[in-house]
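In: missing the sequence, but the structure's below:
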């Protein structure tokens, strides 16, 4: 007979981008008392992220217990056949039920705050707040009435702050001052946001009845992208997050199984390997000039007309003109799918609009490309640039090759100290040392489990897909049979109800995606936010 404590609840605190690379030395130095306690009294260890290890894939892996070949999210953008017509993804692009929907069906009540890619909010038994990737002035809560309460209380901005464009044609001293001021303002805002979200979570934890409570703090990730090289500021962000953990754990009470996870880790970036430039040198990729704004095109036309008529003066300059170098997909056989994809897309006939590689050549072409990638050596160390090169079907077992929107080849570098994405420019090096100590995503995030019935031993190499089935099992709910994750039974004490109860299963959690894209105005706003974080180019 199934045994389950009716009072058992689950709390998950998500720390987007949090890493042991910062946590361990801080704990060793007497900082982060709440993390230190968890390391003494709970189960903890590295958590394997998604492939690729980026926010949209990883949090969707967490929520669905499935890999991208099943839930459909491979990157920030989705396109079927034309890479120049990508759409920024949202919750409606997902092809599997999330954890809180399964809990709703089982009669459990949830409070879910800021899990990325839950916008637009869906109806659940409980409360859902989806501010991450929500356009300004759009209702991002369920129930809808909660939105206006949060707006009045200052938990939702009435409008997004303007994101300043990167300064151009400016001397280095002034540029350094501008960057310094931005980092200072960003750091202050992050600390304020952590405090504000502790208040919000505390309020809802006390006010709302719940079986499952989850909140994601984005600040470790944003700080890692914004000022990884300012380690004092990074450490302060982690101290604030440690405070959040302590306060929310205390409020959750003793009958709650508590998890802390990150979707991916962070590490220092030493080099960039420009995969598109390497492909160009191999004759597999062709570049083209793109003029993105009407203002630039208008000024260029006026300038050229003056040149032709002889009206222009020797000191005439293009002051507003901007251009960028892009991949010419109609003439390229392979290309980096995006700066966040960690993978190469093969321009395949019949799948991609400008397919340049025939279907019958696909396997031979991909194998040859992988062989050449494995032979690339670092110019200083002489070691292989890539520690792992995976075909799509190796990254996602059971997924057929040359199908779906994801990369055909995934590339990982040793200790993730080198990235493969870099904007194309007129003159570009294949290898480039980073100017300053930048931060980049790591495949290993963090995992902590704590509470009555939890062992003081590390888990056996958990994956982010393991959390959903583990949480369902903890709450006595059958697990969808098509989840890729497993129940982390090794974290439970042998005599606890969680270890003694048999793992039960139910039918598939697959759903048909709605695919409700952002409006053009909303898409522009979201793209500007992502560009400010360095995820994409506008």
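Out: Cool, the structure landed. Values in this document were obtained by computation on a predicted structure and should not be read as measured data. Numbers count the residues shown, from 1 in each chain.

In: domain assignment for the protein?
Out: Using automatic domain parsing, the domain parsing of the chain gives 9-264+443-532, 271-286+328-437, 292-323.

In: and the ones you listed as JSON lines, adding mean neighbour count and mean pLDDT?
Out: (Glycine included, C-beta is placed from N, CA and C.) Formatted as JSON lines, those follow (neighbours: other CB atoms under 10 Å; pLDDT from 0 to 100):
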{"stretch": "domain 9-264+443-532", "mean neighbour count": "19", "mean pLDDT": "92"}
{"stretch": "domain 271-286+328-437", "mean neighbour count": "17", "mean pLDDT": "85"}
{"stretch": "domain 292-323", "mean neighbour count": "11", "mean pLDDT": "67"}
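
In: the longest helix anywhere in the chain: what's the following helix or strand?
Out: When the chain is scanned for its longest helix (criterion: DSSP state H), the result is helix 172-207. Later in the chain than helix 172-207, the nearest helix or strand by DSSP states H and E is strand 212-217.

In: after that next one comes which helix or strand?
Out: helix 219-227.

In: go ahead and list the helix or strand containing residue 525.
Out: helix 520-532.

In: gap between that helix and the chain center?
Out: On the basis of CA atoms, centre = their mean, to the nearest Å, helix 520-532 sits 16 Å off its chain's mean C-alpha point.

In: who are the contact partners of the residue sitting nearest the centre point of the chain?
Out: Nearest residue to the geometric centre of the chain (CA atoms, centre = their mean): residue 55, 1.2 Å. For residue 55, the contacting residues are 16, 116-117, 221, 263-264, by CB atoms under 8 Å, 6 or more residues apart in numbering.

In: which of these sits closest to residue 46?
Out: The shortest approach to residue 46 among the contacts of residue 55 belongs to residue 264, at 10.8 Å (CB to CB).

In: residues contacting the closest one?
Out: By CB under 8 Å, 6+ apart, the neighbours of residue 264 are 17, 49-50, 53-55, 58, 441-445.

In: please convert those to TSV, extending it with secondary structure.
Out: Formatted as TSV, these follow (DSSP: H, G, I helix; E, B strand; the rest coil):
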residue	secondary structure
17	coil
49	coil
50	coil
53	coil
54	coil
55	helix
58	helix
441	strand
442	strand
443	coil
444	strand
445	strand
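
In: and the helices in the stretch 351-500 of the chain, which stretches?
Out: With DSSP state H, counting those that start in this stretch as the criterion, the stretch 351-500 of the chain has helices at 362-374, 392-395, 467-474, 497-500.

In: out of those helices, nearest to residue 230?
Out: Within these, the stretch nearest residue 230 is helix 467-474; the backing value is 31.2 Å (CB to CB).

In: that closest one to strand 212-217, inter-axis angle?
Out: Relative orientation of helix 467-474 versus strand 212-217 (axes from the mean of the first three to the mean of the last three CA atoms, to 10 degrees): 150 degrees.

In: and helix 467-474, what does it pack onto?
Out: With contacts defined as 3 or more CB pairs under 8 Å, 6 or more residues apart in numbering; DSSP states H and E, helix 467-474 has these neighbours: strand 9-15, helix 55-64, helix 99-105, strand 256-261, strand 479-480.

In: quick check: next helix or strand after the longest one?
Out: Elements were assigned by DSSP H and E; along the chain past helix 55-64, the next helix or strand is helix 68-71.

In: residue 452 and residue 211, how far apart?
Out: 16 Å (CB to CB, to the nearest Å).

In: just to revisit the earlier point, farthest pair within the contacts of residue 264?
Out: Farthest-apart pair in the contacts of residue 264 is 55 and 444; separation 15.2 Å (CB to CB).
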